[in-house]
Structure formats: C-alpha cells, structure tokens
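Student: coordinates only, no sequence provided:
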C-alpha cells in the first residue's frame, strides 16, 4: 500500500520548479548566442514604428538551384511597407557581412543596423548607406524618414 501524499501547494510547486530550473541550468545551460537571438526576436516593437516586411530574398531563389555557396556571394533582400522599399545587398566575407542598403519612396534622416548584440548608427547619404564587417546572424534595419516616420524591417538571418 502506498502512502498518499497531498499535492504540493503553490509554494511547493514554485520551490520544485526553482530546483528543476537550477538543475537544468547546471546540466544543460542554454548557449549565450541562443539567448541573445531569442531576446532580439521577441523584443517588442514600439507602437509608433512601421514594419517593413520581407518580400524577396535571393537566397531562397538560389537555394533551389545551388547546393554550395562560396565566400563573396551577394544576396539581395527586399522589404516593403506601403510606397517605401528597402533594398539590402549582403556580401558574405567569411564570418562577417558587408551591407549596402538603398531606400526608395522616402528620404532617410537616420539609419541603424540592429543585431542581437545591439544597434549601430550608419551615415546616410541620398537614402543610401553601407556598413562593413557585420557579424553573421540576425539583423534588421531601423530607419527614421525625413518626414519623421519610424520604419523597422523584419528580422532576417544573414
């Protein structure tokens, strides 16, 4: 005959979960790069930002044709929101990427490249900006238009 134990109360449940969390953190910790990526992906956009969504990615088109890519490959990615189009050219340079972005449909007052590691402001001239040496991984662009609209692209892995 087994002794009947009363169910753990709310405090007992929380204590058990805390102990399990500690054991898992020691035995099988979550890698730092996954934590950073998850935080970046799940970060809430501000209500006043407009999302420019991904509409074209040449890597998806080439993926059907090419099995192997080499260093120096160029990838073209397009984002849109209303009349605004953001064309992003990504050139692979080993573990880093060189970026060239052109914005059409509006002027750009400020541009930032955001990765899981933070944001970097980029100089803009005639709605064109470049940034070399960006670490491979997730990124998105943040733009402030000449009219004061804030645009942010969806996240993309480069």
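Tutor: It's in. This structure is a prediction, so every number in the text was calculated from the model and none was measured.
Student: could you look up the SS state of residue 148?
Tutor: With DSSP: H, G, I helix; E, B strand; the rest coil as the basis, residue 148 sits in coil.
Student: where in this structure is pLDDT low?
Tutor: Applying pLDDT under 70 to the chain flags residues 1-12, 34-48, 62-72.
Student: chain center to the longest helix along it: distance?
Tutor: Longest helix of the chain, by residue count under DSSP state H: helix 10-27. Computed by C-alpha atoms, centre = their mean, to the nearest Å, the chain-centroid distance of helix 10-27 equals 31 Å.
Student: and stretch 51-59, which residues are buried?
Tutor: Going by neighbour count (16 or more other C-beta atoms under 10 Å), the buried part of stretch 51-59 is 52, 54, 57, 59. Every C-beta, even on glycine, is put in place using the N, C-alpha and C of the backbone.
Student: and residue 29, that one's in a helix?
Tutor: No: according to three-state DSSP, residue 29 belongs to no helix; its state is coil.
Student: where does it sit relative to residue 16, distance-wise?
Tutor: Using C-beta to C-beta, to the nearest Å, residue 29 is found at 20 Å from residue 16.
Student: what do you get for residue 58?
Tutor: Residue 58 is 50 Å from residue 16, by C-beta to C-beta.
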